[in-house]
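> Kindly return the folded structure for what I paste below:
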Amino acid sequence: MTVHVGILGATGAVGQRFIQLLDEHPTFELAAVTASEASAGKRYAEAAKWRVDTPIPEEIADMEVVETTPEAVPDDVDLLFSSLPSGVASDVEPAFLEDGYVVSSNSSNDRMAPDVPLTIPEINPDHLGLIEVQREERGWDGALVKNPNCSTITMVPTLSALDEFGLERVRVSTLQAVSGAGYSGVTSMEIIDNALPHIGGEEEKMETESRKLLGSFDGAELDLHDADVSASCNRIPTIDGHLENVFAALAEEPDAEEVREAMRSLPGIDLPSAPDQLIHVFGEEQPDRPQPRLDRTTENGMAVVAGGVETTVDGVKYNCLAHNTIRGAAGASILNGELLVEEGWI
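Predicted coordinates:
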């Protein structure tokens, strides 16, 4: 089965990562790349300042960029991946949805809308059932699915593993790579020899999205998880890979090895882009791992890596890491697209 896909906002940092990850995909065939009116009509290689560490696929380099409108996208496109800035996406995505397109979006708008699935396929695939609610309430034939923020998706799989011990409270401090801000998001004068102890909007995303992802769906409504989540988000001068220090309060009292085993044994999912093992865990003999430079590309950048697990007076503390532009952005949207196909929504 071949599914024709398009990328909305294909010339930006995340759009380029989409193109890299879709190259030679077993199911998805890239049929359309969109960008701003200024780029429309150009060859992709002319419109995009390519920055990914592999060459532009030849067939994509010569592809014509079209405007980001439903009329400009070929009729045979079955699925759209959105990497638009949230302010643009909030205006543009509804037009595609009303036109009947299915959109797997990395953009942050509407992630917390009660009728929009916010999905990590290994964690909450049943939340796709919200599509029926969405279509009924909004009156469109398309479907909108979101993946979470790049820092949220790093932590939530580990929290899902801990939930068997009664997850009550989470405190997290992040050390986030500069690629999370986009190529022009942080200047070299700001970040070299420095750390920025605030990332606008990031803390709220982690605090709210985590509870939605871990929430329960009864077929009609989604209830947020009742854990209390508080985040402090920091930008550091690494290129890729968000490292997070997590402190979790639990109702039960597992020892460190029980926590590590719960993380290692969290079930994966059989989809083309999914890692064989969702969470890789370092033992007590390697307390200095994970590290961004060494561990961000584990399982092609689609796995979460954890370590430094220790018990505390009310739970556990540990570190977790994921590649923020692969698992945390384009790869997450592609995996959601694969889930949509697997579950028959496309």
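> So which residues of the stretch 51-200 of the chain form helices?
Listed in chain order, the helices of the stretch 51-200 of the chain (DSSP state H, counting those that start in this stretch) span 58-61, 86-98, 130-138, 150-162, 188-191.
> May I see the buried residues of the first one?
Buried residues in helix 58-61, counting neighbours by 16 or more other Cβ atoms under 10 Å, are found at residue 60. Using the backbone N, CA and C atoms, a C-beta is placed for each residue, glycine as well.
> Outside of it itself, list whatever touches it.
19, 23, 30, 33, 43, 44, 45 (Cβ atoms under 8 Å, 6 or more residues apart in numbering).
> Specify the beta-bridge partners of the fifth one.
When bridges are taken as DSSP bridges, the partners of residue 43 come out as residue 64.
> What count of nearby residues applies to it?
For residue 43, the count of nearby residues is 14 (other Cβ atoms under 10 Å).
> which ones are touching residue 17?
52, 325, 326, 329, 330, 331.
> now residue 196
Going by Cβ under 8 Å, 6+ apart, residue 196 touches 186, 190, 234, 235, 236.
> ok, back up a step: which of the contacts of residue 17 has the most neighbours?
Neighbour counts for these (other Cβ under 10 Å) peak at residue 325, which has 29 neighbours.
> pretty sure that one contacts residue 240?
Yes - using Cβ atoms under 8 Å, residue 325 makes contact with residue 240 at a distance of 6.2 Å.
> which residues are common contacts for the two?
Residues touching both residue 325 and residue 240 (Cβ under 8 Å, 6+ apart) are residue 179.
> ok so, going back, for residue 179, state which of the contacts of residue 17 is nearest.
residue 325 (5.4 Å; Cβ to Cβ).
> quick one on the thing from earlier: now the two most distant members of the contacts of helix 58-61.
Farthest-apart pair in the contacts of helix 58-61 is 23 and 43; separation 17.1 Å (Cβ to Cβ).
> about what we covered before: out of the helices of the stretch 51-200 of the chain, which one sits most buried?
Mean neighbour count (mean count of other Cβ atoms under 10 Å) peaks for helix 150-162 among the helices of the stretch 51-200 of the chain, with a mean of 26.
> what is the rounded mean pLDDT of stretch 286-295?
Predicted confidence along stretch 286-295 averages 98 (mean pLDDT).
> how long is it end to end?
The first and final residues of stretch 286-295 sit 13 Å from each other (Cα to Cα, to the nearest Å).
> List the buried residues of it.
So for stretch 286-295, counting by 16+ other Cβ under 10 Å, buried means 289, 290, 291, 292, 295.
> hang on, the earlier thing: in JSON lines, list the contacts of residue 17 along with secondary structure and pLDDT.
Below are the contacts of residue 17 laid out as JSON lines (DSSP: H, G, I helix; E, B strand; the rest coil; pLDDT from 0 to 100):
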{"residue": "52", "secondary structure": "coil", "pLDDT": "91"}
{"residue": "325", "secondary structure": "coil", "pLDDT": "96"}
{"residue": "326", "secondary structure": "helix", "pLDDT": "98"}
{"residue": "329", "secondary structure": "helix", "pLDDT": "97"}
{"residue": "330", "secondary structure": "helix", "pLDDT": "98"}
{"residue": "331", "secondary structure": "helix", "pLDDT": "98"}
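> Go ahead and confirm residue 130 touches residue 217.
Yes - with contact defined as Cβ under 8 Å, residue 130 and residue 217 form a contacting pair (6.8 Å).
> circling back to that earlier point, buried among the contacts of helix 58-61? Make that a PyMOL selection.
Selecting only the buried entries of these in PyMOL, with 16+ other Cβ under 10 Å as the criterion:
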select buried, resi 19+30+33+44
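> now, which of the contacts of helix 58-61 lie within helices?
Among those, the members found in helices (DSSP state H) are 19, 44, 45.
> would a markdown table of those residues with pLDDT and distance to residue 165 be doable?
Shown next, in a markdown table, are the ones in helices among the contacts of helix 58-61 (pLDDT from 0 to 100; distance: Cβ to Cβ, whole Å):
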| residue | pLDDT | distance to residue 165 |
| --- | --- | --- |
| 19 | 97 | 41 |
| 44 | 97 | 48 |
| 45 | 96 | 51 |
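> Closest one to residue 71 out of the residues you listed, please.
Nearest member of the ones in helices among the contacts of helix 58-61 to residue 71, counting by Cβ to Cβ, is residue 44, at 19.6 Å.
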